[in-house]
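**Q** Build me a model:
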Amino acid sequence: MAKKTNKFDLSKVRNIGIIAHIDAGKTTTTERILYYTGMVHRIGEVHDGAATTDYMEQERERGITITSAAVTASWAGHQINIIDTPGHVDFTAEVQRSLRVLDGGVVVFDGVAGVEPQSETVWRQADQYKVPRICFVNKMDRTGANFQRCVDMIKERVNGNPVKIQIPYGEGDEFAGIIDLLKMELVTYGDDLGTAIERHPIPESHREAAETERAEMIELIIENDEYLTEKYLMEEEITDEELMGALRAATIAGKIQPVLCGSALKNKGVQMMLDRVVDLLPSPLDIPPVVGEDPKTGEELVRHASDDEPLAALVFKIVSDPYGRLAFTRVYSGVLRSGTTVQNTTQGKRERIGRIVRMFADRREDVDEVRAGDIAAIIGLKETFTGETLAAPEAPIVLENITFPEPVIEVAVEPNSKADQDKMGVALRKLAEEDPTFKVEVDDQLGQTKIKGMGELHLEVLVDRMMREYGVEATVGRPRVAYRETITRSTRVDVIFKRQTGGSGQYARVVLEFEPMTDEDRELLKQQDNKKRAGDNELLFVDEIKGGAIPREFIRPTENGIREAMQAGVIAGYPVVNVKARLVDGSYHEVDSSEIAFKIAGSMALKEAVPKAGPAILEPSMKVEVVVPDDYTGAVVGDLSSRRGIIQGMQPRGVGVSTITAQVPLGEMFGYATHLRNITQGRGNFTMVFDKYTIAPDSIAEEVKKGAR
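**A** Residues are numbered from 1 along each chain as shown. Down below sits the predicted model:
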């Protein structure tokens, strides 16, 4: 029997993400939250492979988070939907899609390491989606922990505006509790589980420091509130309620980021952090209404977080598991009910809502409905994928999709037997449904399956999942760059396909002019209805047949033949792209011509034209952004130049830190993360996204031809 969802107060809902650099303690923090909110009755540890949210085998072995796990918990009469996100750069898409649907974030920092490279990446992503956040400086019990240094780094490295609302009582081995600057009290713990909370007056030894810090905190908070600034200047008393109200308003507006401290592993500070999540982070009512567009007219539409408005929901993650296909969904307006029919406005298809479940990591609980502002998972959607909108059929709206970077690295996967081949097809389809940055391509010529992803770890984990979860035995090649081929000049071909067998034969003649695609052509391709069909091939096909030289029904097969032939080029068998093909003439036979004959003729035409049209290898060129302290900019610029990189600019970013932007071929970037760490003593951080394909130099093209790259 499904549980009925009670109508609840939206102001008491918090949709938050735990985001941070790898190893800062996100999952450990989430595990403590589950324990203190009564969702688990024993604490699971990441290092023991027993964390609740890291439920995949690969996560438990590597001690890292790979997929975002969604958990619903309750605290102080509030419902908190928590998403524990990955920290590794290869899984940035997981963080990105989570931030798209969250209202607030808890950024966890390592008290010893401070602001690390991936912390900067997730902070920038949170800026992009305007997600208000609080900071939790974790691991204060470790030797070398330095709270003030961490706060300074938030200012310098990510341009944040941190406001300390707590300070540690001792650091490293001497960390014994937390001084709360809002309540001016010392909090210590009387047991190892962190449940026996003891509150004391601040000891004399720390009182002066605490008062100084509180005065600084008040100044930073009231800067954002004119009324309180006036009271402060008039030396009138500011009440705790006024201070908390101003702190909350400034946090939600993204003007400041309150900073807390603790040690999740030692069970200190997590309940106080939960109190502040409830006090300071926004409810769905506090964030601006979601904006979308009418799928028919393109007119802008607004939906407020209200049960009374028409349904608007965004599917932000697909997970295939033994029980069925789960679609994690954020409802922005209206009510999503099981058993009803909704419109997938992105694809223009109807979907029936089967079961709705609340997720508790890998366990679930049935509910009848999900209201505005809430997050849940739907079982039973057949046609809906990540980033697509579900709306009321009578009031369609398309919400802004989530854009993901293109995959840039590929490996060949060979099944070991015929049975494995069938299993592998199913496994790869399901994994590709879950992960928008993972693509599968079958090379008919070589009979090979290639999988593409964001980095070496990304593909390693996906292959591991394919083998374990789906029982596929396969051989995996080494990572390779996804090269392409193109033409550099125009050519004209006149091709006749003729075959005479017993009875009717096959006949088709096509005259085609091939030329490299221009920027205007690409713009035209984008506007064409068939842009989805064009996919990676980037073919602009123009029909210039006059006087019925070729009947209409044979035009599309000719185009399909060209597309098929573009799957494998003449230099090294890579797909051919950036081609404009104009069908200018041809002829047919009343009896012997057929669709298949024209398809073969189109295919023959491309194969004949490419060698004549100056074929060239294209390599993926990446937009690389390296954030480094100024002391290392010379070394980094020199290194990028040696990798055939074109430096596009340098911008100061914070105190003593610069961002170097460059365009670098992907083939030169393997192993760059390790190399950058070495030349910057671990302080350099980079992000890399696909920019465009550029013609490779002859020396590189020769290596690609020989299969040396």
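
**Q** quick one: the helix or strand harbouring A249 to chain centroid distance?
**A** Assigned by DSSP states H and E, A249 belongs to helix 240-252. Relative to the chain's own centre, helix 240-252 is displaced by 32 Å; criterion: C-alpha atoms, centre = their mean, to the nearest Å.

**Q** what do you get for stretch 506-518?
**A** Between the centre of stretch 506-518 and the centre of its chain there are 40 Å (C-alpha atoms, centre = their mean).

**Q** go on, stretch 25-40?
**A** With C-alpha atoms, centre = their mean, you get 24 Å for stretch 25-40.

**Q** before we move on, the earlier item: which strands or helices does the helix holding A249 pack on?
**A** In this structure, helix 240-252 makes packing contacts with helix 204-222, helix 226-233, strand 257-261, helix 270-280, judged by 3 or more C-beta pairs under 8 Å, 6 or more residues apart in numbering; DSSP states H and E. Glycine gets a C-beta too; all of them are placed from N, C-alpha and C.

**Q** If we use 7 Å, what do you get?
**A** On a contact count with 3 or more C-beta pairs under 7 Å, 6 or more residues apart in numbering; DSSP states H and E, helix 240-252 meets helix 204-222, helix 270-280.

**Q** could those be laid out in CSV, adding distance to I646, mean neighbour count and mean pLDDT?
**A** Converted to CSV, the helices and strands packed on helix 240-252 look like this (distance: least, C-beta to C-beta, whole Å; neighbours: other C-beta atoms under 10 Å; pLDDT from 0 to 100):
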stretch, distance to I646, mean neighbour count, mean pLDDT
helix 204-222, 42, 15, 94
helix 270-280, 44, 21, 94
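
**Q** Turn those into a markdown table, columns for distance to K580.
**A** Formatted as a markdown table, those follow (distance: least, C-beta to C-beta, whole Å):
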| stretch | distance to K580 |
| --- | --- |
| helix 204-222 | 59 |
| helix 270-280 | 55 |
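
**Q** Which among those is found nearest to A73?
**A** Evaluated with C-beta to C-beta, the helices and strands packed on helix 240-252 place helix 270-280 nearest to A73, the distance being 8.8 Å.

**Q** which residues are in contact with the closest one?
**A** 14, 16, 29, 32-33, 36, 75-76, 78, 80, 106, 134, 136, 178, 180, 187, 194, 197, 244, 247-248, 251, 258, 260, 262, 264 (C-beta atoms under 7 Å, 6 or more residues apart in numbering).

**Q** Could you check how far M234 is from I221?
**A** Remark: distance between M234 and I221 (C-beta to C-beta, to the nearest Å) = 17 Å.

**Q** Kindly report the same for E388.
**A** The value you get for E388 to I221, if C-beta to C-beta is used, is 41 Å.

**Q** Then R352?
**A** R352 is 50 Å from I221, by C-beta to C-beta.

**Q** Got the phi and psi for V472?
**A** Main-chain torsions, V472, degrees, to the nearest 10: phi -90, psi 130.

**Q** Now do the helix or strand hosting P168: everything it contacts.
**A** Applying DSSP H and E as the criterion places P168 in strand 166-169. Under the contact criterion C-beta under 7 Å, 6+ apart, strand 166-169 has outside partners 140, 147, 175-181, 186, 206, 210, 213, 260-261.

**Q** Name the strands paired with it and say parallel or antiparallel.
**A** For strand 166-169, the paired strands and their directions (DSSP bridges) read strand 177-180 (antiparallel).

**Q** could you point out which element follows the partner strand?
**A** strand 185-189.

**Q** Next, the angle from that following strand to helix 270-280.
**A** Orientation of strand 185-189 against helix 270-280 (axes from the mean of the first three to the mean of the last three C-alpha atoms, to 10 degrees) gives an angle of 140 degrees.

**Q** and the helix or strand harbouring I700, what's its mean pLDDT?
**A** With secondary structure defined by DSSP H and E, I700 is part of helix 698-706. Across helix 698-706, the average pLDDT comes to 86.

**Q** In that helix, which of the residues would be classed as buried?
**A** 700-701, 703-704 (16 or more other C-beta atoms under 10 Å).

**Q** which helices and strands sit right next to it?
**A** For helix 698-706, the packing partners by 3+ C-beta pairs under 7 Å, 6+ apart are strand 615-629.

**Q** closest to E515 out of the helices and strands packed on helix 240-252?
**A** Of all the helices and strands packed on helix 240-252, it is helix 270-280 that lies closest to E515, at 58.8 Å by C-beta to C-beta.

**Q** helix or strand right after the closest one?
**A** As assigned by DSSP H and E, the chain's next helix or strand after helix 270-280 is strand 290-293.

**Q** partner strands of that next one, parallel or antiparallel?
**A** Short version: by DSSP bridges, strand 290-293 pairs with strand 300-303 (antiparallel), strand 398-399 (antiparallel).

**Q** pLDDT (mean, whole number) over that strand?
**A** Mean predicted confidence for strand 290-293 is 90.

**Q** can you list the residues that contact it?
**A** The contact list for strand 290-293 (C-beta under 7 Å, 6+ apart) reads 299-303, 312, 332, 389, 397-400.

**Q** where does the stretch 351-500 of the chain dip in pLDDT?
**A** Within the stretch 351-500 of the chain, the segments meeting pLDDT under 70 span 359-363, 401-406, 408, 443-447, 455-457.

**Q** how about the strands in it?
**A** Ranges of strands in the stretch 351-500 of the chain, per DSSP state E, counting those that start in this stretch, are 355-360, 363-367, 369-371, 375-379, 389-391, 398-399, 409-415, 439-443, 448-453, 474-476, 480-481, 484-487, 491-499.

**Q** how about TSV for these, with distance to R556 added?
**A** Output for the strands of the stretch 351-500 of the chain, formatted as TSV (distance: least, C-beta to C-beta, whole Å):
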stretch	distance to R556
strand 355-360	42
strand 363-367	46
strand 369-371	44
strand 375-379	37
strand 389-391	31
strand 398-399	29
strand 409-415	30
strand 439-443	23
strand 448-453	28
strand 474-476	37
strand 480-481	33
strand 484-487	23
strand 491-499	16
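
**Q** Pick the most buried one from these.
**A** Of all the strands of the stretch 351-500 of the chain, strand 389-391 carries the top mean neighbour count, a mean of 26, counting by mean count of other C-beta atoms under 10 Å.
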